[in-house]
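A.B. asks: Need coordinates for the following:
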Amino acid sequence: MRFPNQRLAQLFDLLQNETLPQDELARRLEVSTRTVRTDITTLNDLLGDHGARFVLSRGEGYQLKIEDAARYGQLRQQSSPPLRIPRTSAARVHYLLTRFLTSAFSLKLEDLADEWFVSRATLQSDMAEVRERLARYQLAIETKPRHGMKLFGSEMAMRTCLTDQLYQIAQEDSEDPLLNQEVLNSSMLEAFQPLLQDCFSRFHIRMSDDSEFYLRLYCAVAIRRISEGYPLPEFSAEDVDDDVREAARHIINLMRPMTGKAISSSEEACLRVNIAARRVQEIAPSAISPDDSESLVDYILSYINTHYNFNLQNDPQLRADLLTHIKTMITRIRYQITIPNPLLTNIKQHYPMAYDVTLAAVSSWGKYTPYAISENEIGFLVLHIGVGLERHYNVGYQRHPQILLVCDTGNSTVRMIQAMLLRKYPQIIVSNIVSLREYEQQASIEEDFVISTVRLSEKDKPVVVMSPFPTEYQLEQIGKLVLVDRTRPYMLEKFFDASHFLIVDQPMNQTELFRLLCHQLEAEGVVDDTFYASVEEREAIVSTMLGEGIALPHSLGLLARKTVVYTVLAPQGIAWGEETAYVIFLLAISKTEYEEAMAIYDLFVTFMRERAMTRLRESPDFASFKRVAMDCLSRL
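C.D. replies: Coordinates of the predicted model:
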C-alpha cells in the first residue's frame with residue numbers, strides 16, 4: 001500500500017504501537033486536530049480491505065484495531081516504501097538538487113509541484129537557492145519553453161556537487177531516502193565500506209572516518225554516472241606516491257563489475273588525486289621537501305608576526321602540524337577538491353581572533369599564487385594557529401581582581417593574610433597594602449574591592465572585613481567578589497564610549513558606513529588614511545558577519561594608533577553580503593594593546609550566545625546600549 005502523502009505514512013507509523021490523543025498527534029505532525037481527524041478517515045478508507053482500522057477511545061486517543069489478523073499481517077509484510085514527500089523548504093532544496101544532478105531529461109516544475117503537493121510558486125521560490133548552490137560549482141540550469149529545465153556543466157563539477165550534496169544529507173540524517181533510495185542503492189555504501197578499509201589497510205594509507213566516508217560516496221556516485229553513460233572526460237594529474245597509485249588501481253578493479261562498463265584511465269587518475277587529497281600524512285616534518293607547503297608555512301607565520309605581534313615562528317610543533325596539513329591541502333586546492341568542514345561556523349563564532357589572524361595571512365599569500373583557498377580549508381588552519389596562540393600567548397585575556405588590603409597590624413600578620421588569600425584565590429592581585437589612616441585619606445579607590453582587618457567606611461567599592469585567621473564564612477564572602485567576571489565589563493568600560501556610538505536611522509550601504517566611520521577615526525588621529533582601504537579589502541575577502549545580525553568589520557592587521565570600538569545600531573538594517581546587519585562594531589586595534597584588546601571578541605560572542613541583538617538594536621542612546629550589554633554580561 002502506498003500512501004498519498006508523507007503525513008499519512010507518519011500517522012500510520014505513529015499509531016502502530018501506542019494510543020495517542022488528537023492533540024499529541026497534531027503537535028507531532030504540526031497540523032490542526034481537524035486535519036488529524038480528516039487523515040484518520042483517509043487512513044481508514046485505505047485500510048478497509050486490509051482488516052484493520054483506527055478507532056477513537058474516549059479519554060485515551062486513537063488506537064489501532066485489527067479485525068482480520070491474516071489480512072493485516074500480509075499488509076505489514078509488504079516491502080513497498082511509502083511515497084516520500086519533502087515538506088520543508090530545506091528538504092525541497094535537497095530534493096531539487098538531487099533531481100537535477102541525476103536526471104537525464106528536462107524537468108518541469110509543474111510536474112514536481114503535483115508530485116510533492118505544493119504550488120509551482122513555492123518551488124519557484126526554492127529554485128533561487130538551488131541555482132545559487134549550483135553556481136558554486138559552475139553549473140547552470142537552462143530553461144526551454146514547453147521542454148522544461150535541464151542542468152548543464154562539466155561532468156567533474158556534477159559529480160563533485162552531487163557527492164558534496166549527499167555528504168551534507170548524510171550528516172543531517174543517515175537514513176534519508178535521498179541517500180539510500182533516490183540516488184544510491186541502499187546496499188552500495190555498506191558493501192563498499194569493508195572493501196575500502198581493506199584496501200587502505202593493505203596499502204598503508206591512513207584515512208579519517210570522514211574522509212573514508214566521503215570517498216565511499218565519491219565511488220558510489222562515479223559508479224552510477226559511469227553505468228548511466230556519463231564517463232569522465234580527459235583528466236590528467238601529477239604523479240602521486242606508489243601506495244596511492246596502487247590503492248586507486250585496486251579500487252577501480254572493484255568498481256568495474258559494478259558498472260558493467262570499461263573504466264577509463266581518467267577515472268583512475270581522478271581517484272588517485274582524491275585519495276592523495278584526503279589521506280592523513282604520517283611522515284616526519286624533516287622528510288617534507290621545502291616546496292609550496294614549506295614556503296606557505298613560512299609566509300603565514302612571518303605575516304602573523306609582522307602584522308599581529310604574535311611570534312610563532314619558533315614553535316616546532318606548530319610548524320610540523322601546519323606542514324603535515326598543508327601538504328595535502330595544496331593537492332586539494334590544485335585540483336579544486338573540496339572537503340567539508342562541519343565545524344566552520346563554530347570556529348568563526350567561537351575563535352574569531354584566531355580566524356581573523358589566519359584569514360589575513362592566507363589572503364595576503366593568495367595575492368602571489370594562482371591557488372584559491374576556500375573557507376573550509378582556512379577553518380582547518382585556524383585550529384592549528386589557535387592552538388599555537390594558546391601555547392605561547394595569553395589570548396584568552398582575563399582581568400584578575402585587583403585588591404586593596406587595609407591592615408594596621410604588624411608586617412608578619414600582613415604577609416600571613418596575603419599568603420592565605422593567594423593560596424585560597426590565586427587569581428587575585430594585591431595591588432596595594434595601606435594602613436587605616438592612609439585608607440581614610442584616599443579620595444577614591446582604584447581597586448575592585450577592599451579587604452580589611454578592621455571595620456571601615458566604604459568609598460564606592462565593596463569592603464570585606466576578615467580576621468587574621470578568617471572563618472569559612474569570611475572566605476566565602478571574599479570568594480563572591482573574586483569570582484565575578486571582570487574581564488568583559490572591563491573591556492566594555494575601556495574600549496566603548498559615547499563619542500564612538502552611532503544610530504543609523506536612514507538607508508545606508510556598507511561602503512557609505514565604512515567611509516563615514518573611518519573618516520571620523522582618521523580626523524581624530526586614531527587611524528591613518530590606509531585604514532579605510534584595509535577595512536574594505538578585509539570585507540571583500542569574506543563577510544565579517546558574526547551571526548545573529550551582528551557584524552565585526554575591521555582592517556587586515558593592527559593599523560590603529562590606539563584601540564577603539566565604534567558601535568553602530570541600524571534598526572532598519574544594512575545589507576551585509578547576503579545577510580543583514582543590525583548591530584555593527586567597527587574594530588580599530590593597535591599593536592600596543594593587541595593582546596588585551598583581543599578579549600573584546602569574547603564580548604561579541606557573549607552577545608550572540610545571549611541572543612542580545614534585538615535588545616541592543618532598540619537602544620535609544622549609548623547609556624541604554626551599555627545597560628543592555630552589562631545585563632548580558634552579568635548573566636554569565
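A.B. asks: what's the pLDDT at I574?
C.D. replies: Model confidence at I574, given as pLDDT, is 95.
A.B. asks: Then M149?
C.D. replies: 93.
A.B. asks: can you check T38 too?
C.D. replies: pLDDT for T38: 90.
A.B. asks: Where does it sit: helix, strand or coil?
C.D. replies: Recorded secondary structure, T38: helix (DSSP: H, G, I helix; E, B strand; the rest coil).
A.B. asks: What's the separation between the residue lying closest to P462 once chain neighbours are set aside and P316?
C.D. replies: With sequence-adjacent residues excluded and distances taken as Cβ to Cβ, 6 or more residues apart in numbering, P462 is closest to F449, at 4.3 Å. The way it works is simple: take the backbone N, C-alpha and C, and place the C-beta from them, glycine included. According to Cβ to Cβ, to the nearest Å, F449 and P316 sit 44 Å apart.
A.B. asks: same thing with T160?
C.D. replies: 36 Å.
A.B. asks: Pick out whichever of these two has more residues nearby.
C.D. replies: T160 (20 against 8; other Cβ atoms under 10 Å).
A.B. asks: from memory the more buried one sits against T338, does it?
C.D. replies: Yes. Contact criterion Cβ atoms under 8 Å: T160 and T338 qualify, at 7.0 Å.
A.B. asks: for the stretch 1-150 of the chain, what spans make up the strands?
C.D. replies: Applying DSSP state E, counting those that start in this stretch to the stretch 1-150 of the chain gives strands spanning 52-57, 61-66, 140-144, 148-152.
A.B. asks: related to what we said a few turns ago, the residue nearest to P462 and E190, how far apart?
C.D. replies: Per Cβ to Cβ, F449 is found 64 Å from E190.
A.B. asks: cool, L47 as well?
C.D. replies: Note on L47: its distance to E190, by Cβ to Cβ, is 33 Å.
A.B. asks: Look at these two and report which has more neighbours.
C.D. replies: The residue with more neighbours, out of L47 and E190, is L47; 20 against 11, by other Cβ under 10 Å.
A.B. asks: The more buried one contacts R53, doesn't it?
C.D. replies: Yes. Under the criterion of Cβ under 8 Å, L47 makes contact with R53 at 5.5 Å.
A.B. asks: show me where this structure has strands.
C.D. replies: Here the chain has its strands, by DSSP state E, at 52-57, 61-66, 140-144, 148-152, 402-406, 429-434, 449-452, 463-465, 501-503, 545-547, 550-551, 564-576, 579-588.
A.B. asks: Now render the ones you listed as TSV, adding mean neighbour count.
C.D. replies: Shown next, in TSV, are the strands of the chain (neighbours: other Cβ atoms under 10 Å):
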stretch	mean neighbour count
strand 52-57	15
strand 61-66	16
strand 140-144	12
strand 148-152	17
strand 402-406	21
strand 429-434	16
strand 449-452	21
strand 463-465	17
strand 501-503	17
strand 545-547	18
strand 550-551	24
strand 564-576	19
strand 579-588	22
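A.B. asks: and the closest residue to S89 other than its chain neighbours, how many neighbours does it have?
C.D. replies: Nearest residue to S89, sequence neighbours excluded (Cβ to Cβ, 6+ apart): D126, at 5.8 Å. Neighbour count for D126, taken as other Cβ under 10 Å: 22.
A.B. asks: Check what pLDDT D126 gets.
C.D. replies: pLDDT recorded at D126 is 91.
A.B. asks: Contacts only, for D321.
C.D. replies: H384, V387 (Cβ atoms under 8 Å, 6 or more residues apart in numbering).
A.B. asks: hmm, try it at 7 Å
C.D. replies: Counting by Cβ atoms under 7 Å, 6 or more residues apart in numbering, D321 touches H384.
A.B. asks: cool, and A157?
C.D. replies: By Cβ under 7 Å, 6+ apart, the residues touching A157 are Y137, Q138, L139.
A.B. asks: my guess is the first one contacts T160, does it?
C.D. replies: Yes. Using Cβ atoms under 7 Å, Y137 makes contact with T160 at a distance of 6.1 Å.
A.B. asks: Overlap of the contact sets of the two?
C.D. replies: Shared contacts of Y137 and T160, defined by Cβ under 7 Å, 6+ apart, are absent.
A.B. asks: Please pull out the lowest mean pLDDT helix or strand from the chain.
C.D. replies: None of the helices or strands of the chain scores lower by mean pLDDT, DSSP states H and E than helix 594-597, at a mean of 64.
A.B. asks: what's the neighbour count on L481?
C.D. replies: 20.
A.B. asks: again, but for the one 10 residues further on
C.D. replies: M491 is flanked by 23 other residues according to other Cβ under 10 Å.
A.B. asks: Geometric centre of this protein: which residue is closest?
C.D. replies: Per Cα atoms, centre = their mean, the C-alpha nearest to the average position across the chain is that of T345, at 1.4 Å.
A.B. asks: For that one, which non-adjacent residue is closest in space?
C.D. replies: Nearest to T345 is G547, by Cβ to Cβ, 6+ apart, at 7.7 Å.
A.B. asks: and the gap between the one you found and I503?
C.D. replies: Separation of G547 from I503 (Cβ to Cβ): 22 Å.
A.B. asks: Y72 too?
C.D. replies: According to Cβ to Cβ, Y72 and I503 sit 67 Å apart.
A.B. asks: Buried subset of the contacts of A157 as a PyMOL selection?
C.D. replies: The buried residues among the contacts of A157 can be selected in PyMOL (16 or more other Cβ atoms under 10 Å) with this line:
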select buried, resi 137+139
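A.B. asks: ok, of the contacts of A157, which one's closest to L492?
C.D. replies: Y137 (44.2 Å; Cβ to Cβ).
A.B. asks: Please name the residues that touch that closest one.
C.D. replies: Contacts of Y137 (Cβ under 7 Å, 6+ apart): G153, A157, T160, C161.
A.B. asks: try 10 Å
C.D. replies: By Cβ atoms under 10 Å, 6 or more residues apart in numbering, the contact list for Y137 reads 101, 153-154, 156-162, 164-165, 336, 338.
A.B. asks: Count the neighbours of the residue nearest to Q124 when sequence neighbours are not counted for me.
C.D. replies: Closest residue to Q124 apart from its sequence neighbours, by Cβ to Cβ, 6+ apart: L109 at 6.5 Å. Using other Cβ under 10 Å, L109 has 20 other residues around it.
A.B. asks: Report the contact partners of L109.
C.D. replies: Contacts of L109 by Cβ under 10 Å, 6+ apart are 96, 118-124, 126-127, 143, 148-149.
A.B. asks: Cheers, nothing more for now.
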